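Colleague: Output the structure for:
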Amino acid sequence: MEGGTPPALLDLRAVASGYAVPLALLFAIALFSVLRPDTFFTADNFRTILVTQSVLIVLALGVTVALAAGEFDLSIAALLGFSASLVAFLTSTHGWSPALALLVSLGVALAVGVTNGVFVVVFGVNSFITTLGTGTFVTGLATAIVGATTIGGVPAAVTRPMREELLSLDLPVFYALALALVLWFLFEHTPTGRFLFFTGEGREAARLAGVRVDRMRFGALVTSAVFAWFAGLILVGQTGAANTTYGVPFLLPAFAAGFLGATTIRAGRYNVWGTVMAVLLLAVGTTGLQLLGAAGWVSDVFNGAALVLAVTLARIAAREE
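Modeller: Okay, the predicted model is just below:
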């Protein structure tokens, strides 16, 4: 091909751009395995990464649903903390049955999701502003009800489903995988998934095409809230204790994973496996840096930089599409 780019080189570029995150994940694993073979490249370390990241995977999947519909949900971190602490508060402090506590916490999550939907969809308030406000409101309400202290003594009925193992991995890993599979099927193989993407890519065009745009946006915000609730249940079950601020460290990584995931697998579109890969990349990066002796603040710097880079790359990928 005289004067042009060889087809093989074009294919290589396509693979590199479409699978940048998985390739970066493999590179990071190889790099830290060479630098810290005795601590990083071990079965226990990889198992720990998978188990500890199950909360973030669930939360990031909820973020991905909202982003796919063209909305932000900044209330997820506060809702995660409230859900976890409310279950601990009701079961440990007040002796409620775990089933009733779970139902009440789910009701709170649904109420938050519906509130977000009403203000964003019905009243037309920007989702960024709305969910920032509801998140702050939820944090304050949680502190008023539960208190600012960490609550322990969560009963075994809550912790056992999150600590039992299957194939040497804690069950939350499989919960997160199951949710990812269900969400992937919804996105890729159902009309609802296609309508959700149409809504996020162009509301007016989707509305003219007959898509019930408002229903898609409303449902995405409620779904995001439910995912945050389930992430809170996993966290309180794994730790056996909860605090209203437990969700704060998960906010930036969840959004970074959502945006970074949109640059890979299905470049230019928010997708499930891209999000999962991005979560693992962030986890491997922070774990590897910590094992190299980096200070604790490096994780915040790494996640913050990843978010900015992810948003930039996602916008570039969307333009190319």
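Colleague: can we go C-alpha only for contacts and neighbour counts from here?
Modeller: Will do.
Colleague: how far away is the residue positioned nearest the centre of the chain from residue 88?
Modeller: By C-alpha atoms, centre = their mean, the mean C-alpha position of the chain lies nearest to residue 60, the distance being 1.0 Å. Counting by C-alpha to C-alpha, to the nearest Å, the gap from residue 60 to residue 88 is 23 Å.
Colleague: helix, strand or coil for residue 25?
Modeller: helix (DSSP: H, G, I helix; E, B strand; the rest coil).
Colleague: which ones are touching it?
Modeller: Each residue near residue 25 by C-alpha atoms under 8 Å, 6 or more residues apart in numbering is listed here: 277, 280, 281, 284.
Colleague: With distance to residue 146, secondary structure and neighbour count added, can I get those in JSON lines?
Modeller: Shown next, in JSON lines, are the contacts of residue 25 (distance: C-alpha to C-alpha, whole Å; DSSP: H, G, I helix; E, B strand; the rest coil; neighbours: other C-alpha atoms under 10 Å):
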{"residue": "277", "distance to residue 146": "35", "secondary structure": "helix", "neighbour count": "24"}
{"residue": "280", "distance to residue 146": "32", "secondary structure": "helix", "neighbour count": "21"}
{"residue": "281", "distance to residue 146": "34", "secondary structure": "helix", "neighbour count": "23"}
{"residue": "284", "distance to residue 146": "34", "secondary structure": "helix", "neighbour count": "22"}
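Colleague: Among these, which one lies nearest to residue 186?
Modeller: Using C-alpha to C-alpha, residue 277 comes nearest to residue 186 of the contacts of residue 25, at 18.5 Å.
Colleague: Report the contact partners of the closest residue to residue 24 other than its chain neighbours.
Modeller: Excluding its sequence neighbours, the residue lying closest to residue 24 (C-alpha to C-alpha, 6 or more residues apart in numbering) is residue 281, at 7.3 Å. Neighbouring residues of residue 281 by C-alpha under 8 Å, 6+ apart: 21, 22, 24, 25, 28.
Colleague: Go ahead and confirm residue 224 touches residue 76.
Modeller: Yes - Residue 224 is within contact range of residue 76, at 7.3 Å (criterion: C-alpha atoms under 8 Å).
Colleague: Now the common contact residues for the two.
Modeller: Common neighbours of residue 224 and residue 76, counting by C-alpha under 8 Å, 6+ apart, are residue 59.
Colleague: Among those two, which residue is more densely surrounded?
Modeller: Neighbour totals were compared for residue 224 and residue 76, and residue 76 leads with 36 against 28 (other C-alpha atoms under 10 Å).
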